[in-house]
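Visitor: The following comprises the amino acid sequence and a computationally predicted model.
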Amino acid sequence: MFAKELLKQSLPLLILCGLGGLVAGSTLGVMTDLLVDIPGLIVIIPAIIAMRGNISTTLGSRLGSAYHLGVINAENIWNEELKQNVIGSLVLSFLVSITIGILAYVTTIIFFDISPNPVKLIIIVLIAGVVSGAILTMLTIVIIFAVFKRGYDPDNITGPALATFGDIITMLSIFGSAIIVEVIL
């Protein structure tokens, strides 16, 4: 019975995750001109995707545990526990984004012998990190409550869903922020 329920909860989501990976990869394919125009942008992509996945899935796990423990519930959504987790996630996104921008600049110089515009890289990562962080934080809350409302185990759903949505949203955020920064700077 346990395996059947796990399969029922996970298989459709895993198929959707595979399709989501194709969307994220296709977005990267569309970005080829930007990758050429902005040195160091290719270095940013794996780092920011990993950051978003780690922060979002950790938030999802923390909220799932808090929901299981009765610390947060559907009737009292915006309690202090949820607020602290959301604030922590957003602050972490901001700080790690700046760090990724600096490290991408240094890495591009060391490994590719190209000197990119450090302000441009940091702003791209900061915009993409904060925008995707805000979207994924809201999405995490929605997923947690929807999963519990349906009676599913959030450990089976939250991680894969957030990882896939995180890849797609982060790639679109990088693409959008690179276009904006390219036009402005």
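Guide: Here it is on my side, so go on.

Visitor: from here on, contacts and neighbour counts on C-alpha atoms
Guide: Noted.

Visitor: List the buried residues of stretch 116-126.
Guide: 116, 118, 120, 121, 122, 123, 124, 125, 126 (16 or more other C-alpha atoms under 10 Å).

Visitor: and if you look at stretch 97-105?
Guide: So stretch 97-105, judged by 16+ other C-alpha under 10 Å, has buried residues 97, 98, 100, 101, 102, 103, 104, 105.

Visitor: low-scoring pLDDT stretches of the protein, where are they?
Guide: For the chain, residues meeting the criterion pLDDT under 70 lie at 1-2, 6.

Visitor: Show me the helices in it, by range?
Guide: Applying DSSP state H to the chain gives helices spanning 2-30, 32-37, 41-68, 80-112, 118-150, 154-184.

Visitor: one step back: pipe the buried residues of stretch 116-126 into TSV and attach distance to residue 137 per row.
Guide: Shown next, in TSV, are the buried residues of stretch 116-126 (distance: C-alpha to C-alpha, whole Å):
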residue	distance to residue 137
116	31
118	28
120	25
121	23
122	22
123	21
124	20
125	17
126	16
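
Visitor: Let me know the closest of those to residue 73.
Guide: Nearest to residue 73 out of these is residue 126 (C-alpha to C-alpha; 32.0 Å).

Visitor: Identify the residue nearest the closest one in space, chain neighbours excluded?
Guide: Closest residue in space to residue 126, ignoring its immediate chain neighbours: residue 97 at 5.2 Å, by C-alpha to C-alpha, 6 or more residues apart in numbering.

Visitor: how far away is that neighbour from residue 76?
Guide: Look at residue 97 and residue 76: by C-alpha to C-alpha, to the nearest Å, they are 31 Å apart.

Visitor: returning to that earlier point: list the contacts of the residue nearest to residue 126.
Guide: 48, 122, 125, 126, 129, 130 (C-alpha atoms under 8 Å, 6 or more residues apart in numbering).
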